[in-house]
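K.L.:
Next one to model:
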Amino acid sequence: MFFLLQNEGMPRHARLVIPDVPVHLIQRGHNRNACFFCEDDFQFYLRWMMRFAKEAGCDIHAYVLMTNHVHLALTPHDAGGLAVLMKMLNQRYVAYINKKRNWTGTLWEGRFKSCLIFDQSYFLTCMRYIELNPVRARMVQHPRDYPWSSYRANADGAYNPCITPHAIYQALGNTEADQRSAYRNIVLSQEDEIAIDNIRRATNGNFVLGETISTEELATTLGRRVTPGKRGRPHK
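P.N.:
Numbers count the residues shown, from 1 in each chain. Below you'll find the predicted structure:
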C-alpha cells in the first residue's frame with residue numbers, strides 16, 4: 001500500500017511514500033543560503049533528527065549536513081512517518097535558529113524533495129552519493145574527514161546512534177567488519193556520472209529511482225509517470 005503526500009499551492013506531483021521502501025531526501029536552505037552556522041547547530045539538528053525519527057517510525061541509514069542543505073537516506077515504516085519527521089524536525093530547528101540569531105521567518109526552501117529507491121543497487125549508490133557530498137564540494141579530500149555525515153559509522157564502525165543499517169547494506173558481508181570493508185570499496189570506486197544524474201533527477205522530480213516491475217505497476221495505479229524521461233547527457 002502506498003501513501004501520497006499532497007502538495008499545497010501550485011500543482012505538483014504528489015509525493016510518493018510507501019512504508020518500508022527507502023527514500024532519498026534533500027532539504028535546502030531558503031535561496032540556498034546557509035542553514036548551519038557553527039558546530040552547535042549541526043549537533044542540535046542531529047540530536048533532534050534522531051529523536052523525531054524514532055517517534056515517526058523512520059530508520060536513518062545515511063546523512064550529510066552541508067552548510068546550506070541536508071541529504072538523508074531513510075526508511076519510513078508508516079505511511080505518514082516521513083512527513084511527520086520532517087515537519088517536526090524543520091519546525092524545531094527553525095525555532096532554534098530564529099531564537100539564537102534573533103531572526104523571523106523561514107529558513108528552508110519550502111517543501112523537501114524526495115524519491116523512492118526501488119532498485120537495490122541504487123540504494124548503496126545513493127548512500128555513497130550522500131556521503132561523498134563534502135568531497136564533491138571540495139570541502140575535504142576524504143569523506144572520513146567531514147564530521148557531519150554518516151560515513152564514519154557506515155565505513156569505519158564509529159558509534160552513531162542516528163544510524164540504523166539497512167538490510168541491503170548488511171547483505172554486503174557476513175560480519176559487520178566485512179560490510180564496512182565492502183562499503184568502503186564502493187565509496188572509493190569511480191563515480192558513475194549517469195547514476196548521479198539519475199539520483200538528482202529522481203529526487204528533484206519526486207520520481208522513483210530504479211527500473212523495476214513495481215514502478216510500472218505504481219505508474220498505472222497513479223495514472224502518471226513515476227520515473228523521469230530519458231535524457232541525453234548526464235548532469236555534472
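K.L.:
Could you pull up the residues touching the closest residue to Y45 other than its chain neighbours?
P.N.:
Among residues not flanking Y45 along the chain, Y93 sits closest, at 5.5 Å (C-beta to C-beta, 6 or more residues apart in numbering). Heads up, the C-betas are built off the backbone N, CA and C, glycines and all. Counting by C-beta atoms under 8 Å, 6 or more residues apart in numbering, Y93 touches C35, F44, Y45, W48, L107.
K.L.:
Sheet partners, orientation included, of whichever helix or strand L116 is part of?
P.N.:
Take DSSP states H and E as the rule and L116 turns out to sit in strand 113-117. Strand 113-117 pairs in its sheet with strand 23-28 (antiparallel), strand 208-209 (parallel), by DSSP bridges.
K.L.:
After that strand, which helix or strand is next? Please name it.
P.N.:
Scanning forward in sequence from strand 113-117 by DSSP H and E, the next helix or strand is helix 120-131.
K.L.:
Show me which positions of that following helix end up buried.
P.N.:
By 16 or more other C-beta atoms under 10 Å, the buried positions in helix 120-131 come out as Y122, F123, L124, T125, C126, M127, R128, Y129, I130, E131.
K.L.:
Out of those, the closest to F112 would be?
P.N.:
Taking C-beta to C-beta as the measure, F112 sits nearest to I130 out of the buried residues of helix 120-131, at 14.1 Å.
K.L.:
which residues of this protein fall in helices?
P.N.:
Per DSSP state H, the chain carries helices over the ranges 39-56, 81-101, 120-131, 133-136, 151-156, 167-170, 176-188, 193-205, 213-222.
K.L.:
what's the closest non-adjacent residue to the most centrally placed residue in the chain?
P.N.:
The centroid of the chain falls nearest to L72 when counting by C-alpha atoms, centre = their mean (2.3 Å). Counting by C-beta to C-beta, 6+ apart, L25 is the residue found nearest to L72 once chain neighbours are left out, at 4.5 Å.
K.L.:
Count the residues that sit near that neighbour.
P.N.:
Neighbour count for L25, taken as other C-beta atoms under 10 Å: 20.
K.L.:
show me what contacts it?
P.N.:
Neighbour list for L25: V70, H71, L72, A73, L74, L82, M86, F112, K113, S114, T203 [criterion: C-beta under 8 Å, 6+ apart].
K.L.:
of the residues you listed, closest to M139?
P.N.:
Closest to M139, out of all of the contacts of L25 and judged by C-beta to C-beta, is H71, at 13.9 Å.
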